[in-house]
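> Build me a model from this:
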Amino acid sequence: MSKKLKIIMQIEDENGETLIRQTSEREVPYIEEIEREGFRKAFHEIETAVIELRKETSDEIVSEYLEMVSEKKRKGSRA
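As a prediction, the model looks like this:
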């Protein structure tokens, strides 16, 4: 019975309000899988999931943030 690893990143304004929130998740081994697969293999799966999710989540939130900033800049230059 695997468990879910969830990484949440958000960008907030100076008032603490969330401007952008990005969530990624993946299944990771739990006790039964660790016992069946062995600690090293299970640890590798968990470590890989963390690295990949962190990169995926940070890439997506930065892209979304830059798009938001660029859109606001375009609207501001038209005024």
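> packing partners for the helix or strand that contains Glu71?
Per DSSP states H and E, Glu71 falls inside helix 39-78. Applying 3 or more Cβ pairs under 8 Å, 6 or more residues apart in numbering; DSSP states H and E, one finds that helix 39-78 contacts strand 3-12, strand 18-28, helix 31-37. (Glycine included, C-beta is placed from N, CA and C.)
> Kindly present these as a markdown table, with separate columns for mean pLDDT, mean neighbour count and distance to Glu67.
A markdown table is the format used below for the helices and strands packed on helix 39-78 (pLDDT from 0 to 100; neighbours: other Cβ atoms under 10 Å; distance: least, Cβ to Cβ, whole Å):
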| stretch | mean pLDDT | mean neighbour count | distance to Glu67 |
| --- | --- | --- | --- |
| strand 3-12 | 95 | 13 | 12 |
| strand 18-28 | 94 | 15 | 10 |
| helix 31-37 | 88 | 13 | 38 |
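> If we go by neighbour counts, what in the helix holding Glu71 is buried?
Ala42, Glu45, Ile46, Ala49, Leu53, Thr57, Ile61 (16 or more other Cβ atoms under 10 Å).
> hmm, back to that, for Gly76, find the nearest of the helices and strands packed on helix 39-78.
Comparing the helices and strands packed on helix 39-78 against Gly76 with Cβ to Cβ, the closest turns out to be strand 18-28 (16.3 Å).
> Would you enumerate the residues in contact with the most centrally placed residue in the chain?
In the chain, the C-alpha nearest the mean C-alpha coordinate belongs to Thr57, at 3.0 Å (Cα atoms, centre = their mean). Contacts for Thr57 (Cβ atoms under 8 Å, 6 or more residues apart in numbering) come out as Ile7, Ile8, Met9, Gln22, Thr23, Ser24.
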